[in-house]
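Enquirer: Dropping a prediction and its sequence here:
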Amino acid sequence: MKKVRNLMVIGTMAFVASLFSACGGGSNNAEAEAVALPTDGILGELPKVVAEFEAAEAAVDAKYEKLKNDDPEKAKEFLKEYMAQGNRTKFKKETLPAVEKTLEGKEIPAEVAAGLPLKLDKNFVLDSKRNASTSGVFTPDATKDTPWGNYKLVAFDVDGNPISIAGRGINVPGYIPGDGKPFSATFFISVDDYSAAGWARLQKIVIMDKDSEAFKQAEDQIKAAKDAFKNKGKKE
């Protein structure tokens, strides 16, 4: 299994290198940062592989825009040749699924924010499609007025910085929670260029109330980090 995994990673690196060379250099800073991402975290090579692909794609876009201004016909030829390589299809259908499979069974520590009437059965467990799932029950503090629809999932890195917020919160069979009533929660790990560095250092997923000050701060921090990444890219 380890040998297969190593071969897959080597193939991925060669694939990314071909993208960089196709761009004639591209945005060197973004590429260097992607290559430098650690792979010893919970998500293994996933953040690094995605970041390298996104950096290569951004470099292609940058070269195309430059060529379009200097020589439109040459720009069309460059884009045609690049698309013919099928790099995007290979990444989505071959590289990414291969990396996803290495994550199956890995655990992400799970927490419940103070004051929420929930008790978890286990940590989040990853499947081969990047879905991290857990389950639990409501505690005796829960009532029919408990705002469980407000409960959201927030991923944090080892420095306590929020990385991402799940699109959905917890799932409850029925509508009125009570003592011992079960719930489940799933977090799809969606890695983007701006979040890859955080995912590479993932520490835990926390269930929080979206009306809490802590959740609002997490939202603001994630937005600020995304904006900073995009603005940095424009300056390079």
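Expert: Structure received. Here the structure is a predicted model, which means the values were calculated and not measured.
Enquirer: Scan the protein for its longest helix.
Expert: Criterion DSSP state H: the longest helix present in the chain is helix 46-70.
Enquirer: Dead centre of the chain: give me the residue that sits there.
Expert: By Cα atoms, centre = their mean, the chain has its centre lying nearest to residue 191, at 2.2 Å.
Enquirer: That one contacts residue 48, doesn't it?
Expert: No. If you go by Cβ atoms under 8 Å, residue 191 and residue 48 don't touch, sitting 9.6 Å apart. Placement of C-beta: from N, CA and C, glycine included.
Enquirer: Which of the helices or strands spans the residue nearest to the centre of the chain?
Expert: Assigned by DSSP states H and E, residue 191 belongs to neither a helix nor a strand.
Enquirer: Report the separation between it and residue 81.
Expert: Using Cβ to Cβ, to the nearest Å, residue 191 is found at 28 Å from residue 81.
Enquirer: and what of residue 146?
Expert: 58 Å.
Enquirer: and what of residue 89?
Expert: For residue 89 relative to residue 81 (Cβ to Cβ), the value is 15 Å.
Enquirer: likewise residue 167?
Expert: Taken as Cβ to Cβ, the span from residue 167 to residue 81 is 37 Å.
Enquirer: picking up where we left off before, neighbour count: residue 146 and residue 81, which is higher?
Expert: residue 146 (20 against 10; other Cβ atoms under 10 Å).
Enquirer: A strand includes that one, no?
Expert: No. Read with DSSP: H, G, I helix; E, B strand; the rest coil, residue 146 is coil and lies in no strand.
Enquirer: give me every residue that touches it.
Expert: Contact partners of residue 146, counting by Cβ atoms under 8 Å, 6 or more residues apart in numbering, are 117, 138, 177.
Enquirer: one more time with 10 Å
Expert: Taking Cβ atoms under 10 Å, 6 or more residues apart in numbering, we find residue 146 in contact with 116-118, 138-139, 172, 176-178, 181.
Enquirer: residue boundaries of the strands in the protein?
Expert: 107-108, 110-112, 118-120, 124-126, 131-138, 151-157, 162-165, 170-171, 182-188, 202-209 (DSSP state E).
Enquirer: got the buried residues for stretch 32-42?
Expert: Of all the residues in stretch 32-42, those buried under the rule 16 or more other Cβ atoms under 10 Å are 33-34, 37, 41-42.
Enquirer: picking that back up, any common contacting residues for residue 191 and residue 48?
Expert: Residues within reach of residue 191 and of residue 48 at once, by Cβ under 10 Å, 6+ apart, are 199-200.
Enquirer: Check the contact between residue 214 and residue 154; I expect there is one.
Expert: Yes. Using Cβ atoms under 10 Å, residue 214 is in contact with residue 154, at 8.6 Å.
Enquirer: These two - which one has more neighbours?
Expert: Counted by other Cβ under 10 Å, residue 214 and residue 154 do not tie: residue 154 has more neighbours, with 23 against 14.
Enquirer: and the gap between that one and residue 225?
Expert: Per Cβ to Cβ, residue 154 is found 13 Å from residue 225.
Enquirer: got it, and residue 47?
Expert: From residue 47 over to residue 225 the distance is 14 Å, taken as Cβ to Cβ.
Enquirer: More neighbours: the two, which one.
Expert: residue 47 (28 against 17).
Enquirer: The more buried one contacts residue 194, doesn't it?
Expert: No. Applying Cβ under 10 Å as the test, residue 47 and residue 194 come out as separate, 11.4 Å apart.
Enquirer: Need the overlap of contacts for these two.
Expert: Common neighbours of residue 47 and residue 194, using Cβ under 10 Å, 6+ apart, are residue 163.
Enquirer: Can you give the domain ranges for this protein?
Expert: For the chain, the domain assignment from automatic domain parsing gives the residue ranges 2-102, 107-231.
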